[in-house]
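1. Sequence first, predicted model second:
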Amino acid sequence: FLDISIIQSDILWEEVSNNLNNLEKLLYNIQETDIILFPEMFNTAFCPNSNFLAEKMNGETINWMKKISVEKQCAIAGSLMIKENNKIFNRLVWISKNGKILTYDKRHLFSLVKENNFLSKGEKRIIIEEQGWKICPLICYDLRFPVFSRNNVDYDVLIYLANWPTKRIDAWDALLKARAIENQSYTIGVNRVGIDENNIPFNGKSKAYDAFGNKIFDAKENIENVFSFQLSRKDLKLKRRQMNFLKDQDDFIIK
């Protein structure tokens, strides 16, 4: 089994220290878990035009994540703006239970709000091995691009860390379920709640689906909280034995 803890938080605009303090209070009640997941840009809210807030990999937020990983003895992941080699990325940072740090830079930047004008896009996804599970972590807008998400490497879990607004939440629900079905993998969506500085509301609806697209977890709307659930490797293998669609997929090459 793999124990997952989702942090469905309200995120203050451009207030890094206050956001980390708030998250630490929410995390207090987690006794035992394997992975903690935060929403997209959990330390600043989704404000790519405020890229002056970008940190380095040895900055305040990463050091805080390392501390939490050690304290809770688990892996931890979230996305934030990172400055590296004179570029700024919306970077998903994954700190494994053993302390190893892995990163994925958001490939699909949200042009509707000109994220691409302020940040640089990533080139490729990563597959993380955590406690024997293969995990593909992606960010928000990536959810709309199925070829990039496709399971051509036999991963077990697909994760999207997001700031997905209430007005498009029906698409969030439909696309998460579709990604689970077409990739025959557990699929997890982590979303924020609250209203941001641009007066855009977010209602959360973080959720998880199994390899057949059955909903196994659904967070309450508009509630800031920690939600936990468990993934079963035995169930995943059973479903793939019952109906192995992945072996018949086309051999697309993603450049």
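-> Sure, I can see it.
2. Going by C-alpha atoms from here, please, whenever you check contacts or count neighbours.
-> OK.
3. so what's the most far-flung residue of the chain relative to its centre up against?
-> Most distant residue from the mean C-alpha position of the chain: Q242, 28.5 Å away (C-alpha atoms, centre = their mean). Going by C-alpha atoms under 8 Å, 6 or more residues apart in numbering, Q242 touches no other residue.
4. what's the answer for C140, then?
-> Here C140 is in contact with E40, Y160, L161, A162, N163, W164 (C-alpha under 8 Å, 6+ apart).
5. so the fifth one is in which element?
-> Using DSSP states H and E, N163 sits in no helix or strand.
6. so what's L158 bridging to?
-> Beta-bridge partners for L158, by DSSP bridges, are C136, T187.
7. I'd guessed it sits against P137; true?
-> Yes - using C-alpha atoms under 8 Å, L158 is in contact with P137, at 6.0 Å.
8. could you pull out the strands for this structure?
-> Remark: strands assigned in the chain by DSSP state E are 2-8, 35-37, 75-84, 87-95, 101-105, 128-130, 133-139, 157-161, 186-190, 193-195, 201-203, 207-209, 215-218, 225-231.
9. contacting residues around the first one?
-> Contacts with strand 2-8, where a contact means C-alpha under 8 Å, 6+ apart, come from 23, 26, 33-39, 190-193, 204, 206, 223-233.
10. filter the residues you listed to the buried ones?
-> Among the contacts of strand 2-8, those buried by neighbour count (16 or more other C-alpha atoms under 10 Å) are 23, 26, 33-39, 190-193, 204, 206, 223-228, 231.
11. picking that back up, hey, which of the strands of the chain is tucked in deepest?
-> Comparing the strands of the chain by mean neighbour count (mean count of other C-alpha atoms under 10 Å), strand 186-190 ranks first with a mean of 28.
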